[in-house]
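Student: coords please:
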Amino acid sequence: MDSGKLVVFAYSDYAPYSWEDDSGEARGIDVDIGRRFAESLGVDVEFLIRGADENLDDDLRVNIWKGDLIYGKYADVMMHVPYDREVDVRNELAVLTAPYFQEQMALIFNRAMHPAVETFGRFVSSPIAVEVDTAGDFFLSNAFRGQLLQSIRRGRTFRDAQDLYTSTEVGALLGSRAQMEWVAQESPDIDSEIVQPPMPGIVRTGWPIGIAVKHDSRDLGYALGDVLTEMIESGDMKKLYASYGVEWLPAELP
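Tutor: Next comes the predicted model:
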């Protein structure tokens, strides 16, 4: 409040949640929520857009309580944080709070190339795209005792994986359900279908998404949580997600 500015962290190259367009402007669902945060506090907003680190603990350290090695820059609030009590407990300098969305795993496929997909066994002999080092990548690498390894086409970023699908180089793409809905909206010329086949062996197929603040900024977390609650109860959250072609799902707490 003293600085007159709220610094919001959001992941780069993470459409439809957050990304930077060709002019360098931040866009996406989480970016729009960040702007709503600043508006509610009566301050300006600055976006800190960075890629994901090795794991969530590293992301919290770099973006919430310590900052990067060169400039020591960190944010007031971090968007799109998986709400996990174990993560919250072991990160004493960060507070996870205010779940506002339920993330799920899903598959999009091209019906011109795959009439139907009921199980991932279909991809033992057919290529499937996924972003490298994600939950989807780990699942495909270990599914059916490694029988899908030769079929995996990895993109360095989600955009790269998306391009493999939209170019019809591969007929299926695995990621979050919201990402798959975004891909379907962005590629209306492809006859796409989104499904959620069984994923045996995966730790979880869905998880709640919230925000994180520094341990001594709990009051900020409460204030922003109130904004999220108001957006959900008023229907604004559902409308915001729909504007990006995504169905909003309420967070399911364990």
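
Student: report how many residues lie close to the nearest residue to residue 254 once chain neighbours are set aside.
Tutor: Counting by Cβ to Cβ, 6 or more residues apart in numbering, the nearest residue to residue 254 once its immediate chain neighbours are dropped is residue 85, at 7.4 Å. Where C-beta positions appear, they are placed from N, C-alpha and C, glycine not excepted. Residues lying near residue 85 (other Cβ atoms under 10 Å) number 10.

Student: repeat that for residue 6.
Tutor: If we define neighbours as other Cβ under 10 Å, then residue 6 has 24 of them.

Student: that one contacts residue 45, correct?
Tutor: Yes: at 5.3 Å, residue 6 and residue 45 qualify as touching, with contact defined as Cβ atoms under 8 Å.

Student: okay, and the common contacts of these two?
Tutor: 34, 37, 38 (Cβ atoms under 8 Å, 6 or more residues apart in numbering).

Student: ok, and the most crowded of those?
Tutor: residue 34 (28 neighbours).

Student: I'd assumed residue 46 was in contact with it.
Tutor: No: using Cβ under 8 Å, residue 34 makes no contact with residue 46, being 9.4 Å away.

Student: what is in contact with these two at once?
Tutor: 6, 8.

Student: for residue 1, see how far away residue 186 is.
Tutor: Separation of residue 186 from residue 1 (Cβ to Cβ, to the nearest Å): 38 Å.

Student: scratch that, residue 212
Tutor: Plainly put, residue 212 is 19 Å away from residue 1 if you go by Cβ to Cβ.

Student: who has more neighbours, those two?
Tutor: Shown here are residue 212 and residue 1; by other Cβ under 10 Å, residue 212 has more neighbours (29 against 9).

Student: need the contact list for the more buried one.
Tutor: Residues in contact with residue 212 (Cβ under 8 Å, 6+ apart) are 60, 64, 77, 78, 81, 94, 95, 96, 97.

Student: apply 10 Å and report the result again.
Tutor: 9, 56, 59-60, 63-65, 75, 77-83, 87-88, 91, 94-98, 221 (Cβ atoms under 10 Å, 6 or more residues apart in numbering).

Student: also residue 169?
Tutor: By Cβ under 10 Å, 6+ apart, residue 169 lies in contact with 127, 129, 153, 163.

Student: residue 51 too?
Tutor: 11, 12, 13, 14, 59, 157.

Student: same question, residue 200
Tutor: The contact partners of residue 200, taken as Cβ under 10 Å, 6+ apart, are 119, 120, 139, 143, 144.
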